[in-house]
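J.: pasting a predicted model and its sequence here:
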Amino acid sequence: MNKKILLSSLIASSVLLTSQVGASDFTGKANFNLITPLVISETTQLNLGDIDIGTTGSCGFTAASLATGTVCLATGATQVAGVFKVTGTDGVVNVSVSGADTSLDGITFTPSVINATETIGAVTSGEVSFNVGGNVDVDASGTVASGVQVLDYTVSVTY
């Protein structure tokens, strides 16, 4: 009886040793890149200047600081491109503006940006600035009153 138990134990041990001989471990690597989160700030507010609301037309001010349109007035408030600063890890960021605003009756504002990409660190390490312009379409039949108006838009930046 002892010989049978001993033989059974020997067979079981050899099966376990045989299955462990084919096992292997390997240590894998996980790669990632730690980056500084993007922070955006408006350093200069976009000002489209004085616009004639008595005539149907448009007034645009490009991000390159060029005024165009039939209802732009040369008098009064000076047109200024909006300026935004982005800080973060050096590299390329994607820039977009959105949010055509039609909240004033007879007025549609559409923002614009020159470059869809900017490079942080291109001039100053850790930051980049870019300009935003826009276009105001006027429908003279609208009911908006004259005076200073403020419309919203969204600037988005992503790595």
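T.: Received, thanks. Numbers count the residues shown, from 1 in each chain.
J.: in this protein, which spans are helices?
T.: Ranges of helices within the chain are 2-21, based on DSSP state H.
J.: with adjacent residues omitted, what lies nearest to L151?
T.: D101 (4.0 Å; Cβ to Cβ, 6 or more residues apart in numbering). To be clear about C-beta, it is placed using only N, CA and C from the backbone, and glycine gets the same treatment.
J.: so what's that neighbour up against?
T.: T108, F109, L151, D152, Y153 (Cβ atoms under 8 Å, 6 or more residues apart in numbering).
J.: can you check L46 too?
T.: The contact partners of L46, by Cβ under 8 Å, 6+ apart, come to F61, V80, A81, G82, P111, V132, G133, G134.
J.: and the two most separated of the residues you listed?
T.: V80 and P111 (14.2 Å; Cβ to Cβ).
J.: of these two, which one has the most company?
T.: Just comparing V80 and P111: by other Cβ atoms under 10 Å the higher neighbour count belongs to P111, 22 against 16.
J.: among the helices and strands of the protein, which has the poorest mean pLDDT?
T.: helix 2-21 (a mean of 53; mean pLDDT, DSSP states H and E).
J.: partners of the residue nearest to L151 in the sheet?
T.: F109 (DSSP bridges).
J.: what about it, distance to P111?
T.: D101 sits at a distance of 9 Å from P111 (criterion: Cβ to Cβ, to the nearest Å).
J.: which neighbours do those two share?
T.: Y153.
J.: what about the chain, any weak spots by pLDDT?
T.: 1-20 (pLDDT under 70).
J.: all strands of this protein, in order?
T.: For the chain, the strands defined by DSSP state E cover 39-44, 50-51, 57-61, 67-68, 72-73, 82-87, 91-98, 107-113, 117-120, 127-138, 154-158.
J.: of the ones you listed, which approaches A30 most closely?
T.: Per Cβ to Cβ, nearest to A30 of the strands of the chain: strand 91-98, 21.2 Å.
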